[in-house]
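A.B. asks: Below are the sequence and a predicted model; questions follow.
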Amino acid sequence: MSDSLYNDYKNNCYEYMKTVNYTEKIIKDNNSDQNKLLNIYEKAVNSAESMFKRMQLEVETNTIISDQQNELNEIQTKITEYKYKLKKYKDEFLENSLTKKNINNNFDDDREYLLTDIDIIEKGDVYINQSKILLDNSEYISNDVMRLLNKQKESLKKNISNISFVTDKLDIAKNIMKSLKNKDIFNKYRLYIIYIFILFTFSFITIVKYNRY
């Protein structure tokens, strides 16, 4: 009876070992589901080891069964080898998974950077177009302001020419300006006066432009 039970355990153990060998061949195929196959491989190894321990127990508790030690040693050696391979396959699977994950992360990062660059370029194009529009408008405004100033200047000239008193004062002022040109004090501050005039003109144009918008 014990001999029959031992043989049943042995047959089951060899069946599980066949499953291990068959699964190992499939695991080497890169296109297979490695995770699922590793689970099958591990369960088959554990089942074979369980049957082996039952065989050992039968030999130890029944003196009727004899001359089985060599067979047990061979099975134990194979199971030890399977467990070593299982660990190796698991480590390789984990390493490959991490590598794929890093590749995917890098791809996602590169794609994100690319989309960001495209967004920046598009915004840059918008800013350039807006700047062009502003430049065109500012040029138009500047021309418009100059025309307005010229009109006001002409209008002032007409009004002033009708007032003899103001005309006389202007003539006096012109004579004074002519005399100042010949003096050192005018030469000394002439650049400052020109600069102030330019600054005043620029400020006036800026105010008109701001009010227009």
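C.D. replies: Arrived safely.

A.B. asks: Return the set of buried residues in the helix or strand encompassing Y16.
C.D. replies: Y16 belongs to helix 2-27 when assigned by DSSP states H and E. Neighbour-count burial for helix 2-27 flags Y6, Y9, K10, N12, C13, Y16, M17, T19, V20, T23, E24, I27 (criterion: 16 or more other Cβ atoms under 10 Å). C-beta coordinates here come from the backbone N, C-alpha and C atoms, glycine included.

A.B. asks: For the third one, give me its contacts.
C.D. replies: Meaning K10. Taking Cβ atoms under 8 Å, 6 or more residues apart in numbering, we find K10 in contact with M51, M55, E71.

A.B. asks: Check the last one and give its pLDDT.
C.D. replies: Residue-level confidence at E71 comes out at 86, pLDDT.

A.B. asks: And the spatially closest residue to it that is not a sequence neighbour, how far from L38?
C.D. replies: Excluding the flanking residues, the one nearest E71 by Cβ to Cβ, 6 or more residues apart in numbering is K10, at 7.6 Å. Distance, K10 to L38, using Cβ to Cβ, to the nearest Å: 26 Å.

A.B. asks: and the next element down the chain from the helix holding Y16?
C.D. replies: helix 34-61.

A.B. asks: and the angle from that following helix to helix 2-27?
C.D. replies: 160 degrees (axes from the mean of the first three to the mean of the last three Cα atoms, to 10 degrees).

A.B. asks: what comes up buried for helix 34-61?
C.D. replies: 34, 37-38, 40-42, 44-45, 47-49, 51-52, 54-56, 58-59.
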